[in-house]
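# I would like to see how this sequence folds:
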Amino acid sequence: MLLEIYYKLKHPGEPVPYYYKRSIIGELLHLARKFVCQNIAPNCVTNFMRVTLYRLCGIKIGKGTFIGMKCYLDDLCHDKIVIEDNVIISYGVYFSCHGYHQDHNKIVIRRGAYIGMRASLIAPKGDIEIGEKAVIGANTLVNKSVPQGSTAVGVPCRIIPNQLD
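Residues are numbered from 1 along each chain as shown. Below you'll find the model as predicted:
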């Protein structure tokens, strides 16, 4: 609230950004969540500790899920990331629910999905859903939803036919 008043004095007539509307306690909690989500959790050696810390930060993670080390899960939109049961997220995957001049959009990973190493899931123009048992290849840029059972690869992602069909 004090930050909001300060912003209005410095920038009269401009709309106040959302991050100036937090209370001092809200801002301190945000900084603590950011520290845990970006510095402690990604560097934990055990999956159990990583998942537990992400859950404490407010990210919804299902049972039996594996999250590799060095992943970036958007701490600002912790309530917009949903990871269901038995999902495998490899090393260094990047989740971004927002960006410059973008809304805060939801990223949902359905049951049994696999996300390859260093993939980036970015929700620039609406919610993204990775379908049940979908496979995302390594280094893929996912900027749209992927249907269940599909395989997505490339930058930006494209759906490739299943080799088993």
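# all strands of this structure, in order?
Ranges of strands within the chain are 60-61, 66-67, 72-73, 81-83, 88-89, 94-96, 107-109, 114-115, 120-122, 128-130, 135-136, 141-142, 151-153, 158-160, based on DSSP state E.
# would a markdown table of those with mean pLDDT, mean neighbour count and distance to residue 41 be doable?
Every C-beta, even on glycine, is put in place using the N, C-alpha and C of the backbone. Output for the strands of the chain, formatted as a markdown table (pLDDT from 0 to 100; neighbours: other CB atoms under 10 Å; distance: least, CB to CB, whole Å):
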| stretch | mean pLDDT | mean neighbour count | distance to residue 41 |
| --- | --- | --- | --- |
| strand 60-61 | 97 | 18 | 11 |
| strand 66-67 | 98 | 18 | 9 |
| strand 72-73 | 94 | 20 | 8 |
| strand 81-83 | 97 | 22 | 13 |
| strand 88-89 | 98 | 20 | 12 |
| strand 94-96 | 95 | 20 | 13 |
| strand 107-109 | 97 | 23 | 17 |
| strand 114-115 | 98 | 24 | 17 |
| strand 120-122 | 95 | 22 | 17 |
| strand 128-130 | 96 | 22 | 21 |
| strand 135-136 | 96 | 23 | 21 |
| strand 141-142 | 96 | 22 | 21 |
| strand 151-153 | 96 | 20 | 26 |
| strand 158-160 | 93 | 13 | 31 |
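# for those strands, which one sits closest to residue 40?
strand 72-73 (12.4 Å; CB to CB).
# could you say what helices and strands that closest one packs with?
When contacts are defined as 3 or more CB pairs under 8 Å, 6 or more residues apart in numbering; DSSP states H and E, strand 72-73 packs onto strand 94-96.
# Contact partners for the most centrally placed residue in the chain?
The centroid of the chain falls nearest to residue 95 when counting by CA atoms, centre = their mean (3.3 Å). Listed by CB atoms under 8 Å, 6 or more residues apart in numbering, the contact set of residue 95 reads 71-74, 81, 107, 121.
# if we can go back for a sec, now the strands of the chain as JSON lines including distance to residue 53?
Shown next, in JSON lines, are the strands of the chain (distance: least, CB to CB, whole Å):
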{"stretch": "strand 60-61", "distance to residue 53": "10"}
{"stretch": "strand 66-67", "distance to residue 53": "10"}
{"stretch": "strand 72-73", "distance to residue 53": "10"}
{"stretch": "strand 81-83", "distance to residue 53": "14"}
{"stretch": "strand 88-89", "distance to residue 53": "14"}
{"stretch": "strand 94-96", "distance to residue 53": "15"}
{"stretch": "strand 107-109", "distance to residue 53": "18"}
{"stretch": "strand 114-115", "distance to residue 53": "19"}
{"stretch": "strand 120-122", "distance to residue 53": "20"}
{"stretch": "strand 128-130", "distance to residue 53": "22"}
{"stretch": "strand 135-136", "distance to residue 53": "23"}
{"stretch": "strand 141-142", "distance to residue 53": "24"}
{"stretch": "strand 151-153", "distance to residue 53": "28"}
{"stretch": "strand 158-160", "distance to residue 53": "33"}
